[in-house]
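>>> Can you look at this prediction? I've put the sequence above it.
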Amino acid sequence: MGSEIITVAILCNVLTIIGLTLGFVLLRIQGE
């Protein structure tokens, strides 16, 4: 059960990083 929590936490962190990266890229594209 502990490993499941760790897996979910890692997935959430990865999704957050991807979301921030996509958001930053979109802002850069719109800025130009």
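On my side now, so go ahead.

>>> residue ranges with poor pLDDT in the protein?
Scanning the chain with the threshold set as pLDDT under 70 gives 1.

>>> which stretches of this structure form helices?
Secondary structure of the chain (DSSP state H): helices at 2-31.

>>> Next up, the contacts around Ile6.
Applying Cβ atoms under 8 Å, 6 or more residues apart in numbering to Ile6 gives no contacts. (Each C-beta comes from the backbone N, C-alpha and C, glycine too.)

>>> quick one: it from Gly31, how far?
To Gly31, Ile6 is 37 Å away according to Cβ to Cβ, to the nearest Å.

>>> Tell me how many other residues surround Ala9.
10 (other Cβ atoms under 10 Å).

>>> ditto for the one 10 residues further on
Each residue near Gly19 was counted by other Cβ under 10 Å, and the total is 10.

>>> got a list of what it touches?
Contact analysis of Gly19 by Cβ under 8 Å, 6+ apart lists nothing.

>>> Can you tell me how far it is from Glu4?
For Gly19 relative to Glu4 (Cβ to Cβ), the value is 22 Å.
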